[in-house]
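Q: next input, structure requested:
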Amino acid sequence: MSDQLCQSCGADPTGGPGSGIPRGNVAQGTCPDCGRPLAAPFNRPALNDGDPAVEYEFEDWKAEDRAAAAEALTARIIPFRWEPGYTLAVAAHREAEADAVFDELEQAVDIEGGSDGVLPEADDGWGAGENAFAALGDLYDAADRLFHTPTGTTAANDLREAGAVVRSSAPPFGFDAQLWRTAGELAAQVEQLLTDGSNDDIRARAEHLRNTLADHV
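A: The predicted model follows:
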């Protein structure tokens, strides 16, 4: 059933049971609720059937806000999928990051209808910097420790925490935006390997992350 839903906002483009009004044309590939593509973008990390997941209810969110939530999760490389009833299933090991994303969105718009229902565009400017840059240093340090000891629990937790900050923050003033995004993406790859990868895989990816950041921290 979930593959019939708009993977941008979770709406059913064919209409509900008993509905005599067509709500969209699947053949056109766009959602009548949010106006975005029905299919998930190719670069979205997939949440497969059987993967541990936590569920969030979005029944009271407007289509634009639900789509914004999906886009925010995609930007942070958090696996998810829409389920019937405007339910968003998110990878369980990324629950804390998803909570932070949704809290941020709820602060940006009055979900109960007090606003015009349109989220403000993301700020493309440089971030305040201090906490974000400190997180980048923590990310480098955790990657270095995992390279030497890929089974280190403390290093793994430090990497997850620092990676979450980097992915949810704008780059510090003067810092290359592409490198900032790359750091967050590489950290997410290491985090995934901490769950289902071998020690050699963790060591190799941690080394790549460490070397990428070496000249910038």
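
Q: tell me which residues in whichever strand or helix holds residue 160 are buried?
A: Using DSSP states H and E, residue 160 falls within helix 153-168. For helix 153-168, the neighbour count (16 or more other C-beta atoms under 10 Å) marks 155-156, 158-168 as buried. Every C-beta, even on glycine, is put in place using the N, C-alpha and C of the backbone.

Q: toward the C-terminus, what is the element adjacent to that helix?
A: Following helix 153-168 toward the C-terminus (DSSP H and E): helix 177-196.

Q: who does that following helix touch, helix- and strand-wise?
A: Applying 3 or more C-beta pairs under 8 Å, 6 or more residues apart in numbering; DSSP states H and E, we find helix 177-196 packed against helix 130-148, helix 153-168, helix 199-213.

Q: excluding covalently adjacent residues, which one is nearest to residue 205?
A: Excluding its sequence neighbours, the residue lying closest to residue 205 (C-beta to C-beta, 6 or more residues apart in numbering) is residue 190, at 5.0 Å.

Q: isn't that neighbour right up against residue 144?
A: No: using C-beta atoms under 8 Å, residue 190 makes no contact with residue 144, being 11.8 Å away.

Q: okay, angle between the helix holding residue 160 and helix 199-213 too, please.
A: Relative orientation of helix 153-168 versus helix 199-213 (axes from the mean of the first three to the mean of the last three C-alpha atoms, to 10 degrees): 50 degrees.

Q: how distant is helix 153-168 from the center of its chain?
A: A distance of 14 Å separates the C-alpha centroid of helix 153-168 from that of its chain, computed with C-alpha atoms, centre = their mean, to the nearest Å.

Q: tell me which strands and helices it is in contact with?
A: By 3+ C-beta pairs under 8 Å, 6+ apart, helix 153-168 packs against helix 95-108, helix 130-148, helix 177-196.

Q: of those, which approaches residue 10 most closely?
A: Set against residue 10 and scored by C-beta to C-beta, these come closest in helix 95-108, at 13.8 Å.

Q: tell me the domain boundaries of this protein?
A: In terms of domains, the chain is parsed into 2-108, 130-213 (source: automatic domain parsing).

Q: reformat these as TSV; add mean pLDDT.
A: TSV is the format used below for the domains of the chain (pLDDT from 0 to 100):
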stretch	mean pLDDT
domain 2-108	81
domain 130-213	91
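
Q: so for residue 190 and residue 144, which residues contact both of them?
A: Common contacts of residue 190 and residue 144, defined by C-beta atoms under 8 Å, 6 or more residues apart in numbering, comprise residue 206.

Q: got a list of what the residue nearest to residue 205 touches?
A: 143, 146, 159, 163, 202, 205, 206, 209.

Q: mind checking how far residue 81 is from residue 47?
A: 5 Å (C-beta to C-beta, to the nearest Å).

Q: hey, what's in contact with both of these two?
A: Counting by C-beta under 8 Å, 6+ apart, the residues touching both residue 81 and residue 47 are residue 89.

Q: enumerate every residue touching the closest residue to residue 213 other than its chain neighbours.
A: Distances taken as C-beta to C-beta, 6+ apart place residue 140 nearest to residue 213, at 4.3 Å, with adjacent residues excluded. Residue 140 makes contact with 209, 210, 213, 214, 217 under the criterion C-beta under 8 Å, 6+ apart.
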